[in-house]
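Novice: quick one: sequence plus predicted model below, questions after.
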Amino acid sequence: MAKVKAIRGMNDILPSATPAWQYLERQVKSVLSSYGYDEIRMPIVEQTDLFKRSIGEVTDIVEKEMYTFEDRNGESLTLRPEGTAGCVRAGEEHGLLFNQTQRLWYQGPMFRYEKPQKGRYRQFHQIGVETFGMSSADIDAEVIMLSARLWKKLGILDAVSLQLNSLGSTDSRQKYKQDLVDYLTQYFDQLDEDSQRRLKSNPLRVLDSKSESTQAILADAPILSEYLDDDSKEHFSRLTGLLDDAGIHYEINTRLVRGLDYYCKTVFEWVTDKLGAQGTVCAGGRYDGLVQQLGGKATPGVGFAMGIERLVLLLETLGAVPDSEKNSFDLYVAAQSREVQGDVVQFSEALRDAIPGLRIRTHCAGLKNINNKARQTGARLILLIQKSDAGLVGVLWTGADSSEQIPLEELPVVVAQQWEVIKKS
Ligand code: HAM
């Protein structure tokens, strides 16, 4: 019978890969906690309307990438394509937003029906940050500094660069949109097909076009930064000042508009040239209108989300996952004959009590060639239990083989000492 396979673009994350994921997740959580962010967990499925009203009807995500279905009640539901909308919905529903400040983070799978390729999947994972109730550029700077600190901690700061732009207020963008449409309409026939469509539905997205001929036309197009209102200009200049003072390098990219409609003022992306076409590892911006758009009281917001698959790929490409993270255990304990197998299971328990933190894997399978099998595990410590005339003893290998027999009662101390030596080496 044919075997059932995983859905295209939805990947299993195998045991060989999970240590890198766990390492990354641990580093992110430690940085988030050092900034006082609180975790929030939202459902994976939401009402379809939530995404239409927040991300925007005329965006790639809503037009062609959502996994939308009717449940048994005929209600239209969607697998979340991103986390910001659900976070705002949850914050509003539970009274976390009005007249308060919040610094929240979440993690989990997101779903987009995109064409799968390296770094682009249909189920992918994000860790996202959303802050609420703070309108000054200080918080825009904080979330960028937080991400920069993370890259530094992960040893990938030199491999990523920051692209920054301001989209201004809705009003200033409206005037810009009109002038952009007027300009591009003159060259309509020379635009690529996607841009022709976007010119009518979502003209700012034409700026994102990958087509060289469209980019050539855009070279003389009106520039968004020249349309910014005073408040947005001041906001942007405070942000860039704070980043300058913090020594965070950025490139102002006046074409950066992002693919979701809820942004205003600051938008940013951390990009790398090490992963090919899907080089944006983290992206976000300010969304002061979103809470109100979803029925709440006006509440400013800023956030970003990082793509975990892309960051893991980058860490692996750069060899930035420490070797110690790749081992799932430190000590392998095995019996050298069947009669002591039960003792080994019990003794492993005693060792776990005696040496908290030591990761112990006990051999529970056949004993043929046990010495080789133990060696092949790659454990940094190997303990072989055997019966001697004097009772149970252990032989401890720390790198090279040894034949010294250590009485069972002395082993917890000896193993603990050897473990300390290994950790320091
Ligand atoms: P986004 O730019 O759509 O923004 O996604 C953020 C990040 O998720 C991307 O930079 C990328 O690393 C990763 N990503 C997106 N799509 C895929 C995919 N198909 N496969 C693999 N990785 C992917 C948002 O989602 C916003 N909610 C970010 C935000 C939070 N803005 C404000 N707050």
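Specialist: Here it is on my side, so go on. The shown structure was predicted, so the numbers you read here are calculated from the model rather than taken from an experiment.
Novice: what about the strands in the stretch 1-150 of the chain?
Specialist: All strands of the stretch 1-150 of the chain, identified by DSSP state E, counting those that start in this stretch, fall at 38-39, 45-47, 67-70, 76-79, 102-111, 123-132.
Novice: okay, P356: pLDDT?
Specialist: Confidence at P356, expressed as pLDDT, is 94.
Novice: thinking again about what came up before, how about the strands of the stretch 1-150 of the chain in TSV, adding mean pLDDT and distance to the ligand?
Specialist: Bear in mind the C-beta positions are built from the backbone N, C-alpha and C, glycine included. Below are these laid out as TSV (pLDDT from 0 to 100; distance: least, C-beta to the nearest ligand atom, whole Å):
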stretch	mean pLDDT	distance to the ligand
strand 38-39	98	15
strand 45-47	98	13
strand 67-70	98	12
strand 76-79	98	12
strand 102-111	98	7
strand 123-132	98	3
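Novice: show residues contacting the host helix or strand of V415.
Specialist: Here V415, judged by DSSP states H and E, is contained in helix 411-424. Applying C-beta atoms under 8 Å, 6 or more residues apart in numbering, the contact partners of helix 411-424 are 330-331, 347, 350-351, 354-355, 358, 380-381, 383, 394, 396, 398, 406.
Novice: got TSV for the strands of the stretch 1-150 of the chain, with mean neighbour count too?
Specialist: What follows is these, written out as TSV (neighbours: other C-beta atoms under 10 Å):
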stretch	mean neighbour count
strand 38-39	11
strand 45-47	16
strand 67-70	13
strand 76-79	17
strand 102-111	19
strand 123-132	23
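Novice: so how far is the first residue of stretch 6-26 from its last?
Specialist: 28 Å (C-alpha to C-alpha, to the nearest Å).
Novice: who in this protein is up against the ligand?
Specialist: Counting by C-beta under 6 Å from any ligand atom, the chain comes close to the ligand at 82-84, 112, 114, 119-121, 124, 126, 128, 130, 260, 280-285, 303-307, 309-310.
Novice: out of the residues you listed, name the ones that lie in helices.
Specialist: Applying DSSP state H to the residues of the chain next to the ligand, the entries found in helices are 84, 309-310.
Novice: quick check: beta-bridge partners of L381?
Specialist: Beta-bridge partners of L381, counted by DSSP bridges, are L331.
Novice: that one: neighbouring residues, count only.
Specialist: A count of nearby residues for L381, using other C-beta atoms under 10 Å, gives 19.
Novice: quick check: A320 touching D158?
Specialist: No: judged on C-beta atoms under 8 Å, A320 makes no contact with D158 at a distance of 10.6 Å.
Novice: who's more crowded, these two?
Specialist: Set A320 next to D158 and count neighbours by other C-beta under 10 Å: A320 wins out with 16 against 10.
Novice: which residues touch that one?
Specialist: Contact analysis of A320 by C-beta under 8 Å, 6+ apart lists 154-156, 314.
Novice: now do the strands in the stretch 201-350 of the chain.
Specialist: For the stretch 201-350 of the chain, the strands defined by DSSP E, counting those that start in this stretch occupy 251-252, 264-271, 280-286, 301-307, 331-335.
Novice: dump these into JSON lines; add mean pLDDT and mean neighbour count as well.
Specialist: Formatted as JSON lines, those follow (pLDDT from 0 to 100; neighbours: other C-beta atoms under 10 Å):
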{"stretch": "strand 251-252", "mean pLDDT": "98", "mean neighbour count": "12"}
{"stretch": "strand 264-271", "mean pLDDT": "98", "mean neighbour count": "24"}
{"stretch": "strand 280-286", "mean pLDDT": "98", "mean neighbour count": "24"}
{"stretch": "strand 301-307", "mean pLDDT": "98", "mean neighbour count": "24"}
{"stretch": "strand 331-335", "mean pLDDT": "97", "mean neighbour count": "24"}
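Novice: with distance to S237 as extra columns, can I get those in TSV?
Specialist: Formatted as TSV, the strands of the stretch 201-350 of the chain follow (distance: least, C-beta to C-beta, whole Å):
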stretch	distance to S237
strand 251-252	11
strand 264-271	12
strand 280-286	15
strand 301-307	17
strand 331-335	57
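Novice: counting neighbours, which of the ones in helices among the residues of the chain next to the ligand comes out on top?
Specialist: T84 (27 neighbours).
Novice: ok, residues contacting the helix or strand hosting D194?
Specialist: Assigned by DSSP H and E, D194 belongs to helix 193-201. If you take C-beta under 8 Å, 6+ apart as the criterion, helix 193-201 is touched by 58, 181, 184-185, 188, 191, 205-206, 209, 211, 214.
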